[in-house]
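Engineer: Sequence first, then the predicted structure:
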Amino acid sequence: MTDANLPSPKTGTTPGMAAGRALPHWVDRFLGGWRVYRKNTIGRIGMALLVLFALMATTSFIPQWVDPMYHPMTGVDPQISYSTGPSLRHWLGTDFIGRDIFSQLLAGARIAFMVGISSALISILFGTTIGMVAGYAGKHTDLILMRLADMIMVMPTLLVVLLLSALFGQLNIWIIVLMIALFRWPGVARVIRSQTLSLRHRPFIEAARVAGASHLRIIFRHILPNVMPLALLYMTFRVTSAIIIEAALAFLGFGDPGTVSWGMMLQWVWKTGHMFQAPYWMLPPGICISLITMAFYMTGRAMDDVLDPRLREEETTP
Amino acid sequence: MTPALLEVNNLSIGYRTAGGIAMAVDDVSFRVDRGGSLGLVGESGCGKTTIGMALMGLLAPNATIVSGQARFEGEDLIAVSGERMRQIRWRRISMIFQAAMNALNPVHRVQDQISEAIITHEPDLSGHAVAHRTRSLFDLVKIPESRLQDYPHQFSGGMRQRVIIAMALACNPSLIIADEPTTALDVIVQNQILSAIGTFQKEMNLGMIFISHDLAVVADVCTHIGVMYAGRMVEYGSRQEVLDCPGHPYTRMLVGSLLTLSDQPADLSGIFVTNGENGAAATGGCPLNLICPDATVVCRREQAGWVDLTGTHRVRCPYAGKGR
Amino acid sequence: MGLKRFVLRRLVEIAVIFFVIMTVLFVLFRLAPGDPVSRMVDPSMTPEDARLLMESMGLDQPLWTQYLYYLKNVATGNMGVSFHYGEPVIDILMNRLPNTVLLFTTSILLSALLGVFLGKIAAWKRGQRTDTLLTIGALFCHTLFLPWLALIMIWFFAYRVGWFPITGMVSPDVWIDPGAGWLAKALDVLHHMALPLMTLILIHFGSYLLVMRSSMLDTLKDDYIITARAKGLEEKTIRDHHAAPNAALPVVTSVGLSLAFSINGGALTETVFTWPGIGRELVFSVSHSDYPLAQAAFLIIAIVVLVANLVVDVLYAYLDPRIRY
């Protein structure tokens, strides 16, 4: 990683410690990365899919506003009380009590984004902080934190959350988000830690220390900007795992009963025994979960391609 | 004159790049006799390794042979089919790699890596005979047979180089290409390896091309020396001729920097650091014209042709043999 | 340090981790809202039986004595009686363990082998149509939602085409029939295993393929590949004998790292296919508030993951001669 305080070759900012001056460099770097990203086919497909899902999530409020019977959770078609196939009235058909599948699908996109992004944000927050602290502090702190990370890493997250829901009863969607985040930080922490280790003895960190900067200031002003791109990359992968875990949990019947998620829809198909009769009901939520995971995964891989050559290139420069 | 073992004529090799073909080897000719050895000397990137790889048919996919031929035992190595080339490799021409490189596969025992070459080229040999030959090869390079079952990482650098030499001799080739075989070794080990290579080469009457950036090493083992600069051969002659009366200014610099063990410090005044020119010959003039102490206007304008100093000693500099 | 000492050290580590997990579970079971005793003893038991069970678990003792009882009970395999089955949970789970291990190990082994094999070919044909197809296929399979794929598999192969049984692990008629030999029984299990196995392999091989492909591309740039070419070996030998073994090492590491992910998938697969394994038992017990069973199932799954990690480490050391512990 380059020193955020060094002048950018393109903008020619003067060197300085102030964050305000580091910002143009950041923006510059981001735009540079975006230019590379745009050329990546996999990244373009991923981005396009994400835009599509975002569109679904934002339009999810419209059906119930058109007619209350399209409400994904409580709206029931007064004339239908069983599962029907696609029709003009219900584009993707209805579920076993006559709720509209299409509006459920839209609502599911909202939940998926919500769960995926918030859970990934929290786990990145944990992972980055713990990784930076472990890498910067070293010694016992490092050892203890990394051992803890190892221990959590071997735990199957889904089953842990499952057990917790057995003990604490039905889980609220936010608790689920938090649980997933709490068990998904170790991978991030490991990567950020090794990145921090390689930064720790760079001249600009040493210089900041000599200049009397506090540890916290060094970590957040000088190390954080340099591990940020990597953290962002890992965030896309965490989004996928969070979405999958939430969906699996809902599929097994431990989701938040107050939400309509794609996993929940699959559970209804499965539990009500409609899987053989109603492919129109079974296919859409599964396709959506798979596609949104694929979209985030592709975005992540493309970002990896954007970041990777830089990492290598900058590693060789002394 | 007996027919040469290998005769390379006007070989030119280029790498395809975005901006056209960059010449890495430009119009190089030399010959190697049975029992003779040619040292190719030059700085890194001057094209000497590319020549070795071209003779083995192992050029990188983006490399292309522009012109020239390489007659080896009656065949043109440049023109033979891929399958024929595969049969020639190691059986007729083998290669000694640099041990510092990962030339040995880390997950296979050295015995298997040696016998693999024998089995590939002499499939009729019994397992017993293969094992016997492998053992005697280890004897030859003075490594205890007990270490045949070891993995490459269990050997020291010098030992690994011996294993590589043993491997190169496995199929009784008639030509060996040694590519910087002693570069990463310390001086004592380097000496042992050099004398070992020299001994085998003479005893088995092999032809050898010895590639090195170090003139001192080449002077130790080779009967002929070819000096290369920026993809061109600038001087070619017998060891004695090149070392005693170097005709090309670049060779003079090399020889000059060689004799630093005398009381007098070597005259380094004429030596410049080149700007990392990588093979592609400078447009128009002599590639050396910027750093040559004797360069004239002519040198900047046009390529020098060959000047024959003796029947076997050629120099690519119009001023060779004059002046000095 | 020899391999034996390495294994010993790792066993101690595993014991420590397991101890921590046990302790965390103990604390959680006491922290959770409601009466801890009701989570240990079936409320529908006769008072006499309940008292005996409570005594054996020290539930009438102070908390830290309970903890000692708990450690002792886990060590001796006395983990309570299942509310639902009315049998000691350890008996139930020991009965399920082989089924889980069978499905888990075969699926991981086969998906890793398939991933290595296809990844090798993709890297070898880099940039060609084979490579593009394999990479996209791997990406696609890797991101499929497992329970949904399982449902589709059942719907198509068991319901529409009817090639495989819909659920379960055995057909009762084969096992009741006294004339059926072991071969018939084995074939019957294989017949039932085919769909869950295919589901797991489809989900898992993709990531191994991608790892193998990129590691193989790195390996092909290595010097010993040039040596192998110079030796005049056939291209196939170079690919299979020189490049692939080195390139497969990172795949082994990635198998180890994805073990937890695999066991999640295993539990989901077992549940959808009603494969009588530990994962299904855990899901079942959680939905039926069968706490002793849930606790024990979780502990056993933890042991399975930890031991599988050790096996992967030993396998790595075996495959890479440079690693000697």
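Structural biologist: Okay, I see it. Keep in mind that this is a model prediction, so the values were computed, not measured. Numbering: from 1, shown residues only, chains lettered A, B, ... in the order given.

Engineer: contacts, neighbours, all on C-alpha from now
Structural biologist: OK.

Engineer: Now do the buried residues in the helix or strand bottoming out on mean pLDDT in chain B.
Structural biologist: Sorted by mean pLDDT, DSSP states H and E, the helices and strands of chain B end with helix B:297-301, the least confident at a mean of 74. In terms of neighbour count (16 or more other CA atoms under 10 Å in any protein chain shown), helix B:297-301 has its buried residues at B:299-300.

Engineer: Please name the strands paired to the helix or strand just after it in the sheet, noting orientation.
Structural biologist: Using DSSP states H and E, the helix or strand that follows helix B:297-301 in sequence is strand B:307-308. Strand B:307-308 sits in its sheet next to strand B:314-315 (antiparallel), going by DSSP bridges.

Engineer: List the neighbours of the strand it pairs with that are in contact with it.
Structural biologist: By CA atoms under 8 Å, 6 or more residues apart in numbering or on different chains, the surrounding residues in contact with strand B:314-315 are B:234-237, B:247-248, B:306-309.

Engineer: Of those, grab the buried ones for ChimeraX.
Structural biologist: Filtering those down to the buried ones (16+ other CA under 10 Å) takes a single ChimeraX command:
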select /B:234,235,236,237,247,248,306,307,308
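
Engineer: Which one of the contacts of strand B:314-315 is nearest to chain C?
Structural biologist: Ranked by distance to chain C (CA to the nearest CA), these are led by B:Y236 at 27.1 Å.

Engineer: would you say that closest one is within a strand?
Structural biologist: Yes - going by DSSP: H, G, I helix; E, B strand; the rest coil, the assignment for B:Y236 places it inside a strand.

Engineer: Name the nearest residue to the residue sitting nearest the centre point of chain A, ignoring sequence neighbours.
Structural biologist: Centroid check for chain A by CA atoms, centre = their mean gives A:V239 as the closest residue, at 2.1 Å. Leaving aside its sequence neighbours, A:V239 sits nearest to A:G116 (CA to CA, 6 or more residues apart in numbering or on different chains; 4.4 Å).

Engineer: circling back: CA atoms only: put the least confident helix or strand of chain B into CSV for me.
Structural biologist: Provided in CSV are the C-alpha atoms of helix B:297-301 (Å, rounded to 0.1, in the frame of the first residue of the first chain):
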residue,chain,number,x,y,z
VAL,B,297,30.4,9.7,-35.6
VAL,B,298,30.4,6.6,-37.7
CYS,B,299,29.5,4.4,-34.7
ARG,B,300,26.5,6.6,-34.0
ARG,B,301,25.3,6.2,-37.6
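
Engineer: which residues does the residue nearest to the centre of chain A contact?
Structural biologist: By CA under 8 Å, 6+ apart, the contact list for A:V239 reads A:116-117, A:119-120, A:296.

Engineer: May I ask which of the residues you listed has the most neighbours?
Structural biologist: Within the contacts of A:V239, most neighbours by other CA atoms under 10 Å in any protein chain shown means A:A120, with 30 neighbours.

Engineer: show me what contacts that one?
Structural biologist: Applying CA under 8 Å, 6+ apart to A:A120 gives the contacts A:181, A:235-236, A:238-239, A:242.

Engineer: burial count for the closest residue in space to A:I80 that isn't next to it in sequence?
Structural biologist: In this structure, A:I80 finds its nearest non-sequential neighbour in A:G98, 5.2 Å apart by CA to CA, 6+ apart. Neighbourhood size, A:G98 [other CA under 10 Å]: 21.

Engineer: Pass me the low-pLDDT residue ranges in the chain, would you?
Structural biologist: If you meant another chain, say so; for now it's chain A. Scanning chain A for pLDDT under 70 picks out A:1-26, A:308-318.

Engineer: Wait, chain C was what I had in mind.
Structural biologist: Looking at chain C by pLDDT under 70, you get C:1, C:324-325.

Engineer: Please parse it into its domains.
Structural biologist: C:3-75, C:89-319 (automatic domain parsing).

Engineer: So what's the residue count around A:G212?
Structural biologist: Using other CA under 10 Å, A:G212 has 11 neighbouring residues.

Engineer: meant to ask about C:A150
Structural biologist: Neighbourhood size, C:A150 [other CA under 10 Å]: 22.

Engineer: tell me which element C:I226 is part of?
Structural biologist: Counting by DSSP H and E, the element that carries C:I226 is helix C:223-230.

Engineer: what about the next helix or strand after that helix and chain B, touching?
Structural biologist: Next helix or strand after helix C:223-230 toward the C-terminus (DSSP H and E): helix C:235-237. No - residues of helix C:235-237 contacting chain B under CA under 8 Å from any CA of the partner chain: none, with a closest distance of 9.7 Å.
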